[in-house]
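In: Next input, structure requested:
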Amino acid sequence: MTSTTPENELPFTEYFHDWRDLGVVKAAFPDYAKAEEVWKTVREKLTETESTVKHNTQYSTTHDAALGILYSMKLDFECGVEVGSKASKFASKYFGMWNVEETLYENLDGSLEVLRQAKRDEFRKILELEDQLPKLKAEEDRLRKLWIMESDKIKPIWEKLKEEHDAAEEIEEEAA
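Out: Down below sits the predicted model:
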């Protein structure tokens, strides 16, 4: 336990958890402050990763609409549905397509596969994050224990301040 401030200069608060959060106390005990900072950083990363995994798992609708529309178009072409005359003229004039149905049908599989691959890549990202969770939980637990150890080291100082404060209050009450 490293202290840079004499104990008699430290302020007193009624509760230990409030006292250890004071800037003066953290400045007086840099080991405690560093342990708390490192633990909170890892805890925040763990919380963020857990939230991301939950959110991305629950709301994994990336490319769903496009996949549905293109797959429906593919099925329509397979069943013999033709493209309207305005769309055929547009495709012929601006894209140089002579047989719109055939060209679209030939290219839909490739487009669908690109979208499916993008969706699978999103799932892989979720799995990668999920693989990080046990390591982050273990690290958070280890750092929390170190923070508690540092907190336990400074608690006797607060207890001494509390005793002094209580003794001073008793003297004031007896004097009154």
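
In: for the chain, what's the longest helix?
Out: helix 100-175 (DSSP state H).

In: Report the mean confidence score over that helix.
Out: Per-residue pLDDT values over helix 100-175 give a mean of 92.

In: middle-most residue in the protein, spatially?
Out: The centre of the chain sits closest to residue 48, judged by C-alpha atoms, centre = their mean, with a distance of 1.2 Å.

In: Which helix or strand contains that residue?
Out: In this assignment (DSSP states H and E), residue 48 forms part of helix 30-58.

In: as a whole number, average confidence for the very next helix or strand once past that helix?
Out: Using DSSP H and E, the next helix or strand after helix 30-58 towards the C-terminus is helix 64-78. Mean pLDDT, helix 64-78: 86.

In: Tell me the buried residues in helix 64-78?
Out: Residues of helix 64-78 classed as buried by neighbour count (16 or more other C-beta atoms under 10 Å): 67, 70, 73-74, 77. For the C-beta atoms, the positions are set from N, CA and C on the backbone; glycine is no exception.

In: possible to save those as CSV with distance to residue 102?
Out: Listed next are the buried residues of helix 64-78 as CSV, based on distance: C-beta to C-beta, whole Å:
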residue, distance to residue 102
67, 22
70, 16
73, 13
74, 13
77, 9
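
In: With that, I have no additional questions.
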